[in-house]
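# Sequence first, predicted coordinates after that:
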Amino acid sequence: MFEIDARDSTPIYAQIERALRAAIASGRLTVGDQLPTVRQLAVELRVNANTVARVYADLERQGVLETRRGVGSFVSATPAKARPPAERAKRLKAFATRVLADATAHGFTAEEVIAQLQSHRKEGT
């Protein structure tokens, strides 16, 4: 599904979360798609199963995933837009903070990130 970069200073759980969110945003994972089990993904990525379990639990709390007991974890059918405006604003602010922190860690300015996002949006990719 994706790979972990051991040389990246970003924690492994954050890399997994970012990769799952990117897969959902890009359409590689869609609403209702089942994710690998915690053990399957941990083995595939060669990471501790507790790390994957943490990511799944965090994404479930955020409404990105839903877990069906005895069946597995799935991309949630509850869209983020259905959340109350105050919660959406809070999550957007937290997201922007994470993006800018990650950009700064990689040597990019906020202006460069904004320009790239605008360019990316215009290209439709």
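Received it, and whenever you're ready, just let me know what you need. Residues are numbered from 1 along each chain as shown.
# So which residues of this structure form strands?
Secondary structure of the chain (DSSP state E): strands located at 65-68, 72-75.
# Return the residues in contact with the residue nearest to the spatial centre of the chain.
Centroid-nearest residue in the chain: R21, 2.8 Å away (criterion: Cα atoms, centre = their mean). When contacts are counted by Cβ atoms under 8 Å, 6 or more residues apart in numbering, R21 is found next to 59, 64. All C-beta spots, glycine's among them, are computed from the backbone N, C-alpha and C.
# ok, 7 Å please
Residues in contact with R21, defined by Cβ atoms under 7 Å, 6 or more residues apart in numbering, are V64.
# Domain parsing of this protein, as residue ranges.
If you go by automatic domain parsing, the domain ranges for the chain are 1-77, 83-125.
# Deepest-packed of the ones you listed, please.
domain 1-77 (a mean of 15; mean count of other Cβ atoms under 10 Å).
# could you say what helices and strands the lengthiest helix in the chain packs with?
When the chain is scanned for its longest helix (criterion: DSSP state H), the result is helix 85-105. Using 3 or more Cβ pairs under 7 Å, 6 or more residues apart in numbering; DSSP states H and E, the elements in contact with helix 85-105 are helix 110-123.
# Figure out how far the helix it packs on is from the centre of its chain.
Computed by Cα atoms, centre = their mean, to the nearest Å, the separation of helix 110-123 from the middle of its chain amounts to 19 Å.
# about what we covered before: which one of the strands of the chain lies closest to R46?
strand 72-75 (19.7 Å; Cβ to Cβ).
# what packs against the closest one?
Contacting strand 72-75 under the criterion 3+ Cβ pairs under 7 Å, 6+ apart are the following elements: strand 65-68.
# Show me what the mean pLDDT comes to for the strand it packs on.
Regarding strand 65-68, the rounded mean pLDDT is 91.
# again, but for stretch 8-22
Model confidence over stretch 8-22, given as mean pLDDT, is 93.
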